[in-house]
Structures are given as C-alpha cells and as structure tokens.
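**Student:** please work out how this folds:
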Amino acid sequence: MTRPAKKARERLKGHWGQAILVQCLVIGSSLLLLLAELLCLRLFGIRAEDAIHLDQLRMRPKLWLHIGIIVAMIVVDLLLVSPLHLGQAAFYDTLAAGRPVSVRQLWRGYRPGRYGRAVRLRLALWMLRLLSGAVCFLPSAVVFAYSTYLRQTGLTTPFVDVCRIFCLVFGLFSLLAGWILWEMWMLRFQPAVYLVAEGLGVCRALGASRRIMHRRTGGFAWFHLGFAGWLSACFLVFPYFYAAPLFMTAKTVMIRRYRRACPESVREKKRKKPRRRTASPFDTKVLPELT
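**Tutor:** Down below sits the predicted model:
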C-alpha cells in the first residue's frame, strides 16, 4: 500500500496552487479575527497581555469589557470561520479521491443546510474538547492544588518538603500524560468533519467517526508524529506553504482508507424490520374473509 505522504504528493500534482490558496484563506480568516480583537482592545485602552483575575473584577470594571470582547470574537469565529473548515474538508476529500477540485468548494459550508451543521459540529467539538480536557487534567490539578496547600501551611518539616517534591514530579508527569490522552481521545473525531461535508448529520457523524477510528487511534497518532518536524518548521512561515497542504492531503488519504476499511460505520444503521403479525380471527381486516 502506498504511503499516505507519497499518495498525497501524487494527488497534489497540478493542484499545489489551489491547496496553498485554500490554506491561506483559512488561516488568513483566523489571523484577521485576531487582528480585529487586538484592534478592539486597543481602541478601549486595554492591553492584550493583561491577565484576567476573577478577584479583580469588582475593582477593575474594564476587565468585564475585556471578557466581553474575547467572548464576542469567539462567537464571531464560530459563526464565520466554521463553514470554512467544512469547505476545507470538502476540498481535500475531493482532492484525495482524485476528482477535479476547485477553490470554490471552500465556500460550500455557507450554503443553506450546511451552514448550520458546520456551526453545530464545531461547537460540539469545542464542548467535547472542554469536557475531555477537564477529565484528563483533573489528576494534575489535584496534585498541584495539594502542593499549593502544603506551601501555604508554612510547614518546613522534611516530610512536607519530600511531599512537595513528589507533588512536583507527579504533577508534571500527570500533566504530560493528561495532554497525550486528551489529544489521542480527540483524534477519534477527526473524520467527523468529512462526514458532515458529505451531508451527514452532526450526531451521526460523531458516532460514525468513533466507529471509524476504533482501534486505529494509535496508528493515526503515529501518523501525526511523522509530520511533527514539518509542522514545527511551519513557524518559519515559508515551510507552511509546503507542509500544510501535504499534511492535510495525507491526513485525508488516511481517513479515506479507514473509512473504506469500515464502510458500515458511515451508513445509517439499518432499522429492524417490523415483525409480521400473524393473522388473528379477531382482526377486523380478517373477519370479513372468515364470514
């Protein structure tokens, strides 16, 4: 079987310009919203680097305005950028399948019927990430909270010092382990955006995505690690125009292979056929025949 990266390069031949344009439009929209947020903060005299402390909300009413601007930009991002992610998935799914592609597919998510699904899917993924993150990082939060409690007690006995050292070590270990589990758990929902782009409902797409990735999350994680070097080089800006289209296409190729290996997961479960009733002599439809 051809490696995903090699297959992706074959699919990208003659389509590099379109893929780069799609990536630039998607990331450009996010950067534009970030600049808009910084501009709003600057207009109201708020520094973006200021931390928001809950205990200072009464003394500094401007913090409420800071929170309001952040929430407003999150809502705008959800409403305006979510369809772009759906169109991006449609573009790369068509490209990975070897069919003719067009940059206009990026705007497919804004069509009636697809826009609502795009927004609901992204909101559902945000909620899943939030809930799973709370569970995965709970052990490290408890360990660090106990370490903070020991420090606030002011005790300096050898036993307390040893406990604080162990809290630091196990806290960092549980933090790293929680982050790994968190990311691997969210990998199970990667195919959902492609299924929604094909017209599947959000709930059914999330359920089918979990079935597609069943026992395949580890291999998919190794695939991401294989691109770690390229994705890290994207911070230099210019490698992004090569690495991002290649990664997106290779990822789509992998997901399409998983879907072919699990075709029943993307179809609606067959409803059980209603069991036939045996004719009864007391049935009104049968009585005329008996008489």
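
**Student:** can you pull up the most central residue in this protein?
**Tutor:** Central residue of the chain (C-alpha atoms, centre = their mean): residue 125, 5.3 Å from the mean position.

**Student:** all helices of this structure, in order?
**Tutor:** Along the chain, counting by DSSP state H, helices occupy 4-12, 16-43, 62-96, 115-136, 138-153, 158-187, 192-197, 202-212, 217-226, 228-233, 240-261, 287-290.

**Student:** got the angle between the second one and helix 240-261?
**Tutor:** Taking axes from the mean of the first three to the mean of the last three C-alpha atoms, to 10 degrees, one finds helix 16-43 and helix 240-261 inclined to each other by 110 degrees.

**Student:** can you get me a residue count around residue 226?
**Tutor:** 14 (other C-beta atoms under 10 Å). Bear in mind the C-beta positions are built from the backbone N, C-alpha and C, glycine included.

**Student:** now do the same contact list for it.
**Tutor:** Residue 226 makes contact with residue 5, according to C-beta atoms under 8 Å, 6 or more residues apart in numbering.

**Student:** measure it to residue 27 for me?
**Tutor:** 22 Å (C-beta to C-beta, to the nearest Å).

**Student:** ditto for residue 194
**Tutor:** Taking C-beta to C-beta, one finds residue 194 at 20 Å from residue 27.

**Student:** okay, the two: which has more neighbours?
**Tutor:** residue 194 (24 against 14).

**Student:** okay, now the unreliable bits of the protein?
**Tutor:** 1-2, 49-59, 263-291 (pLDDT under 70).

**Student:** burial measure for the residue nearest to residue 33 when sequence neighbours are not counted, as a count.
**Tutor:** Once flanking residues are discounted, residue 33 sits nearest to residue 77: 5.4 Å by C-beta to C-beta, 6 or more residues apart in numbering. Counted by other C-beta under 10 Å, the residues lying close to residue 77 total 17.

**Student:** could you measure from residue 77 over to residue 84?
**Tutor:** From residue 77 to residue 84 the distance is 10 Å (C-beta to C-beta).

**Student:** try residue 124
**Tutor:** On the measure of C-beta to C-beta, residue 124 and residue 84 end up 17 Å apart.

**Student:** quick check: residue 178 touching residue 142?
**Tutor:** No. Residue 178 is beyond contact range of residue 142, at 11.2 Å (criterion: C-beta atoms under 8 Å).

**Student:** of these two, who's got more company?
**Tutor:** Taking other C-beta under 10 Å, residue 178 and residue 142 do not tie; residue 178 has more neighbours (19 against 13).

**Student:** next up, the contacts around that one.
**Tutor:** Per C-beta under 8 Å, 6+ apart, neighbours of residue 178: 136, 137, 138, 139, 140.

**Student:** redo those as JSON lines? Include neighbour count and distance to residue 95.
**Tutor:** Output for the contacts of residue 178, formatted as JSON lines (neighbours: other C-beta atoms under 10 Å; distance: C-beta to C-beta, whole Å):
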{"residue": "136", "neighbour count": "21", "distance to residue 95": "34"}
{"residue": "137", "neighbour count": "18", "distance to residue 95": "36"}
{"residue": "138", "neighbour count": "12", "distance to residue 95": "40"}
{"residue": "139", "neighbour count": "16", "distance to residue 95": "41"}
{"residue": "140", "neighbour count": "19", "distance to residue 95": "40"}
